[in-house]
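Novice: could you work out the structure for the sequence below:
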Amino acid sequence: MPRHPNFSPSVLDIAGAVYSALAHRLATHKGEVYPLHVGDTWMEPPEGCRMEDLRVAEHPGMHRYAAPQGLPALLDALVEQTRARSGAPTERENILVTTGATGGLGAVAGAILAPGDEVLLLAPHWPLITGIVQSFHGVAVEVPFFGRADSPESAVEVVREYLTDRSVALYFNTPSNPTGRTIPRPWIEALVEWARREDLWILSDEVYEDYIFSGEPHTYCRPLAPERTFAAHSFSKAYGMAGNRCGHIAGPAGAMKELRKIGVHSFYSTPTASQLAALRVLQGPGEAWVGQARERYRAVGERAAARLGVAPPQGSTFLFLDVADRLDGRGLTGFLEDCVDRGLFAAPGPSFGPYPTHVRICFTAAPPDVVERGVEVLAALLGR
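Specialist: Presented below is the predicted three-dimensional model:
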């Protein structure tokens, strides 16, 4: 029977607000606000790589469509960068320039998922991945992982518990949003080998690849299983260009043809001006900017962690805290309301998986002095 007029059941199940249902109170709060709920940076992109630096006289046609796969010059720069960083054999056909890593992961989901297919998400996970999977009528399966796995063998065992005959892909994010942890290389190698044995796609979210503060260097996943890995990368996180909406996916050449179909029929092409800015940052001051940003992020992250009495972040730009001992009968919602009453906006743990007593803060979402005052508010609420 017809079900009109109605909405897709998959979409109805998607959360409308993933970072904070109280964010609308930012505009009406009296006094200073500490907006630490969204993952962003206070730093502007490098000089020469900002929208104000682009002119039609230098870039005729910059307001027209770009080629759906990406500007040829940007594709070539990304091929070169990918080869240099990961060592994975890479050509133009392995790359799709996308509307941020978000659009890229949407293209992956659209290309690989049939209705009811399951994607295993190592949790806590980046919150938008759940809705992306659901948008393409897949099932997001949350696998509590960080804090449970403690070896390559246990990493595999933790994930194996959730494998079914509908599982088609494994998603993980390292350095991690929201935990600030990195997954050790031996664990990744074990997970990749398990995914190969189970014939699963791998979605490797590497948007914080440039921001590791301690431990071993970033582990690039594509070289380990190039035939089944899609790696997501982001100019938003790497170079302070979140508003530009430019990222890219690297993956198997044959599969990328299917991703390009989804890209064409959703965002068509990534904004031309954003790609021009991305090309400039790769050809110019990007590496130096990242080096400076990494040290600034490290410093503020370590200060925030020390004040809150938690381990310093190994990477990314987040701290994930269990506030269970400060919750009353109102639960986490009440705690977040107390934060907002004091101008502090934090992201709720359930956005990242089954974490009803956690909050996440982004320690780069505002200038360091603002972040530190916000951290003082949180420390006071936690009695620390």
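Novice: care to break the protein down by domain?
Specialist: For the chain, automatic domain parsing gives the domain ranges 9-44+287-381, 51-283.
Novice: list the buried residues in stretch 279-296.
Specialist: L279, R280, V281, L282, P285, G286, W289, V290, A293 (16 or more other Cβ atoms under 10 Å). For the C-beta atoms, the positions are set from N, CA and C on the backbone; glycine is no exception.
Novice: got a list of what V141 touches?
Specialist: Applying Cβ atoms under 8 Å, 6 or more residues apart in numbering, we find V141 in contact with E118, V119, L120, L121, Y162, S167.
Novice: mind putting these into a markdown table with secondary structure and distance to S135?
Specialist: Listed next are the contacts of V141 as a markdown table, based on DSSP: H, G, I helix; E, B strand; the rest coil; distance: Cβ to Cβ, whole Å:
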| residue | secondary structure | distance to S135 |
| --- | --- | --- |
| E118 | strand | 15 |
| V119 | strand | 12 |
| L120 | strand | 18 |
| L121 | strand | 14 |
| Y162 | coil | 21 |
| S167 | strand | 19 |
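Novice: given the strand or helix carrying H248, what are its sheet partners and their directions?
Specialist: In the assignment (DSSP states H and E), H248 maps to strand 247-250. Sheet pairing of strand 247-250 (DSSP bridges) gives strand 95-98 (antiparallel), strand 229-234 (antiparallel).
Novice: counting by contacts, list what the helix or strand following that strand packs against.
Specialist: On the C-terminal side of strand 247-250, the closest following helix or strand by DSSP H and E is helix 253-264. Judged by 3 or more Cβ pairs under 8 Å, 6 or more residues apart in numbering; DSSP states H and E, helix 253-264 is in contact with strand 95-98, helix 100-112.
Novice: rewinding a little: next, format the domains of the chain as JSON lines and append mean pLDDT.
Specialist: Below are the domains of the chain laid out as JSON lines (pLDDT from 0 to 100):
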{"stretch": "domain 9-44+287-381", "mean pLDDT": "94"}
{"stretch": "domain 51-283", "mean pLDDT": "97"}
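Novice: can you tell me which of those domains is most buried?
Specialist: Ranked by mean neighbour count under mean count of other Cβ atoms under 10 Å, the domains of the chain are led by domain 51-283, which reaches a mean of 20.
Novice: and the residue lying closest to R298 once chain neighbours are set aside, what does it touch?
Specialist: The shortest distance from R298 to any non-neighbouring residue, by Cβ to Cβ, 6 or more residues apart in numbering, is to F213 (4.5 Å). Going by Cβ under 8 Å, 6+ apart, F213 touches R294, Y297, R298, G301, E302, P312, P313, Q314, G315.
Novice: ok so, going back, and which of the contacts of V141 is nearest T182?
Specialist: L121 (17.3 Å; Cβ to Cβ).
Novice: next one: the nearest residue to that closest one once chain neighbours are set aside from H248, what distance?
Specialist: Excluding its sequence neighbours, the residue lying closest to L121 (Cβ to Cβ, 6+ apart) is Y171, at 4.9 Å. Going from Y171 to H248 by Cβ to Cβ, to the nearest Å gives 17 Å.
Novice: what's the answer for I262, then?
Specialist: According to Cβ to Cβ, I262 and H248 sit 14 Å apart.
Novice: please enumerate the strands of the stretch 151-300 of the chain.
Specialist: 167-173, 201-205, 229-234, 247-250 (DSSP state E, counting those that start in this stretch).
Novice: what kind of secondary structure is V340 in?
Specialist: Classification of V340 using DSSP: H, G, I helix; E, B strand; the rest coil returns helix.
Novice: dump the residue contacts of it.
Specialist: Taking Cβ under 8 Å, 6+ apart as the test, what V340 contacts is L22, R25, H29.
Novice: out of those residues, who's nearest K257?
Specialist: L22 (43.1 Å).
Novice: which residue packs closest to that closest one, ignoring adjacent ones?
Specialist: V340 (4.8 Å).
Novice: can you tell me which of the contacts of V141 is closest to G243?
Specialist: The shortest gap between G243 and any of the contacts of V141 belongs to L121, at 26.5 Å (Cβ to Cβ).
Novice: quick one: contacts for that closest one?
Specialist: By Cβ under 8 Å, 6+ apart, the contact list for L121 reads I129, T130, V133, A140, V141, E142, V143, Y171, F172, G353.
Novice: my guess is the last one contacts P124, does it?
Specialist: Yes. The pair G353 / P124 is scored as a contact, 4.9 Å apart, by Cβ atoms under 8 Å.
Novice: hang on, the earlier thing: save the contacts of V340 as CSV, and put in distance to V375 and secondary structure too.
Specialist: Formatted as CSV, the contacts of V340 follow (distance: Cβ to Cβ, whole Å; DSSP: H, G, I helix; E, B strand; the rest coil):
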residue, distance to V375, secondary structure
L22, 18, coil
R25, 20, helix
H29, 17, coil
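Novice: return the closest of these with respect to S234.
Specialist: L22 (26.4 Å).
Novice: tabulate the strands paired with strand 247-250 (TSV), appending distance to V108.
Specialist: Output for the strands paired with strand 247-250, formatted as TSV (distance: least, Cβ to Cβ, whole Å):
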stretch	distance to V108
strand 95-98	9
strand 229-234	5
